[in-house]
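In: here is the input, now give the coordinates:
(one chain, ligands or ions: 1)
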Amino acid sequence: MRVDFDFDDPIERRGTASFKWDLHGGDVLPLWVADMDFASPPQVVEALEDRAAHCVYGYSLVPDSLVEAVVEHLDRRYGWRIEGDWIVWLPSVVPGLNLACDAFAAPGEGVLTVTPVYPPFLEAPGQRGRRLVTVPAELRDGRWELPLDGLEAAAAAGARVLFLCHPHNPLGRVWRQDEVEALVDLCRRHDVVLISDEIHCDLILDDLAHVPAALACPNDADRIVTLMSPSKTFNLPGLNFAFAVVADKALRRRFLRPGKGLLPFPGCFAVTGAEAAYREGGAWHEALLAYLRGNRDALEAFVAAEFPRVRMTHVEATYLAWLGVDNLGLDDAAAACRSAGVELSAGAAFGDPAYLRLNFGCRRATLDEALRRLSTVL
Ligand SMILES: Cc1ncc(COP(=O)(O)O)c(C=O)c1O
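Out: From the prediction side, this is the model:
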């Protein structure tokens, strides 16, 4: 069994059909798409190697042992006791957002979310013929907050679904229990279904607790769908595996109905990798959090010292930083960074063109080199 994890190990990703590294190519450091440049936990690699060596890649079922691994993971990390049959398997989280639009809003009805946010939150409603309603997050005393009054007004005007990103990509906030409770209260009063995307929940960098929305408000199980995946935590997005947790049977049925005939069962590598990650990835995960904390601290210190005109709030969770760059007088900040040799995500896709998103889920040496390159622009 390999037990070493070296997050500084240089692993060449160019030429592996990597979305992050090969889409643009060239000598550009890609600090954009949200995967990490690290090898997954060695136990996951070994499990996948063993599975590959079997040489027969037929249809897979989801073994009871994987159901148990998910149930145990949620209990161990969050004290959230779920039943196995609350789980709905998904090929990834984004189909869950789209399904929710179909399931819980009629054509033309409103789907509400807080901007800026991960672009598929903004795309899914229109893709499904529903109406996107956005309310901007509020920056108070250097901290991003949920715009509860704006959400209340928008819900009162007739939204049927609310997408919550919890913790938030790209704002890096871990929403507190009282904030989540206020949001669920609002959903209850306006008969809105809450879709809580908790894909980043295992990536809490500060001494803060992630409280799943459905755990915070167990009496509102009939209006909460939680979306989760091991893909961000253990760097497995290429395995295509995610799940929803829906405690209420009627809500689960409604959620599943539009997906009939469209959702593939998880593949054999997905179930193998996910189970190994949840069962055996704990030590790697702790080491990862320590490494990401180091990157986050280095980034925050560098921006404060060297980029005084760039606005950056503290990143409590995720490996994503949200940089306000509208004071720099650049026509196209993302293009300017690309010319300097660093690909960042343009804020416009997240709903705010004044920002860029930087992914620090990379080797420290890559981050240092990217910041050196960005010094000519930022
Ligand atoms: C909030 C959020 N949800 C979903 C996803 C993507 O999930 P998946 O690849 O499972 O569709 C991401 C990826 O960055 C994300 O940040």
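In: flag every residue of the protein that's near the ligand.
Out: By CB under 6 Å from any ligand atom, the residues of the chain that approach the ligand are 34, 92-94, 118, 165, 169, 197, 199, 229, 231, 237, 242. The way it works is simple: take the backbone N, C-alpha and C, and place the C-beta from them, glycine included.
In: would a markdown table of those residues with secondary structure, neighbour count and pLDDT be doable?
Out: Shown next, in a markdown table, are these (DSSP: H, G, I helix; E, B strand; the rest coil; neighbours: other CB atoms under 10 Å; pLDDT from 0 to 100):
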| residue | secondary structure | neighbour count | pLDDT |
| --- | --- | --- | --- |
| 34 | coil | 20 | 97 |
| 92 | coil | 18 | 97 |
| 93 | helix | 22 | 98 |
| 94 | helix | 19 | 98 |
| 118 | coil | 25 | 98 |
| 165 | strand | 24 | 98 |
| 169 | coil | 26 | 98 |
| 197 | strand | 31 | 98 |
| 199 | coil | 26 | 98 |
| 229 | coil | 26 | 98 |
| 231 | coil | 23 | 98 |
| 237 | helix | 20 | 98 |
| 242 | strand | 25 | 98 |
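In: need the max-distance pair from those.
Out: 165 and 237 (16.3 Å; CB to CB).
In: quick one: which of the residues of the chain next to the ligand is nearest to residue 373?
Out: Closest to residue 373, out of all of the residues of the chain next to the ligand and judged by CB to CB, is residue 34, at 20.4 Å.
In: export stretch 143-157 to PDB, keeping only CA atoms.
Out: Output of stretch 143-157 as PDB, limited to C-alpha atoms (Å, rounded to 0.1, in the frame of the first residue of the first chain):
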ATOM      1  CA  ARG A 143     -17.200  39.500   4.000                       C
ATOM      2  CA  TRP A 144     -19.700  38.100   1.500                       C
ATOM      3  CA  GLU A 145     -23.200  37.600   2.900                       C
ATOM      4  CA  LEU A 146     -26.500  36.100   1.700                       C
ATOM      5  CA  PRO A 147     -28.900  38.800   0.400                       C
ATOM      6  CA  LEU A 148     -31.800  37.600   2.400                       C
ATOM      7  CA  ASP A 149     -34.000  40.600   1.800                       C
ATOM      8  CA  GLY A 150     -33.500  40.400  -1.900                       C
ATOM      9  CA  LEU A 151     -34.200  36.700  -1.900                       C
ATOM     10  CA  GLU A 152     -37.300  37.200   0.100                       C
ATOM     11  CA  ALA A 153     -38.700  39.700  -2.400                       C
ATOM     12  CA  ALA A 154     -37.700  37.500  -5.300                       C
ATOM     13  CA  ALA A 155     -39.300  34.400  -3.700                       C
ATOM     14  CA  ALA A 156     -42.500  36.400  -2.900                       C
ATOM     15  CA  ALA A 157     -42.600  37.300  -6.600                       C
END
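In: average model confidence for that stretch?
Out: Averaged across stretch 143-157, pLDDT comes to 97.
In: and if you look at stretch 290-306?
Out: 98.
In: then stretch 79-86?
Out: On average, stretch 79-86 scores 98.
In: name the residues that touch it?
Out: Identification of contacts with stretch 79-86 by CB atoms under 8 Å, 6 or more residues apart in numbering yields 64, 67-68, 70-71, 74-75, 212, 214-215, 245-247, 252.
In: quick one: buried residues of that stretch?
Out: If you call a residue buried by 16 or more other CB atoms under 10 Å, then stretch 79-86 has these buried ones: 80, 82, 86.
In: quick one: low-confidence parts of the stretch 101-250 of the chain?
Out: Scanning the stretch 101-250 of the chain for pLDDT under 70 picks out no residues.
In: mind listing the strands for it?
Out: 110-115, 131-136, 138-140, 143-145, 159-165, 193-197, 224-228, 242-245 (DSSP state E, counting those that start in this stretch).
In: among those strands, which is nearest residue 122?
Out: Closest approach to residue 122 among those is made by strand 131-136 (6.1 Å; CB to CB).
In: wait, which of the contacts of stretch 79-86 is closest to residue 316?
Out: For the contacts of stretch 79-86, the nearest to residue 316 is residue 212 (16.3 Å; CB to CB).
In: quick one: the helices in the stretch 1-150 of the chain?
Out: Taking DSSP state H, counting those that start in this stretch to define them, one finds helices in the stretch 1-150 of the chain at 19-22, 42-54, 64-78, 93-104, 119-127, 148-156.
In: out of those helices, flag the one nearest residue 312.
Out: Per CB to CB, nearest to residue 312 of the helices of the stretch 1-150 of the chain: helix 119-127, 20.4 Å.
In: summarise which helices and strands the closest one is packed against.
Out: If you count contacts as 3 or more CB pairs under 8 Å, 6 or more residues apart in numbering; DSSP states H and E, helix 119-127 packs onto helix 93-104, strand 110-115, strand 131-136, strand 159-165.
In: now do the buried residues in the third one.
Out: Judged by neighbour count using 16+ other CB under 10 Å, the buried positions of strand 131-136 are 131, 132, 133, 134, 135.
In: specify the beta-bridge partners of the third one.
Out: Legend: beta-bridge partners of residue 133 under DSSP bridges are residue 112.
In: ok, it - contacts?
Out: 110, 111, 112, 113, 154, 157, 159.
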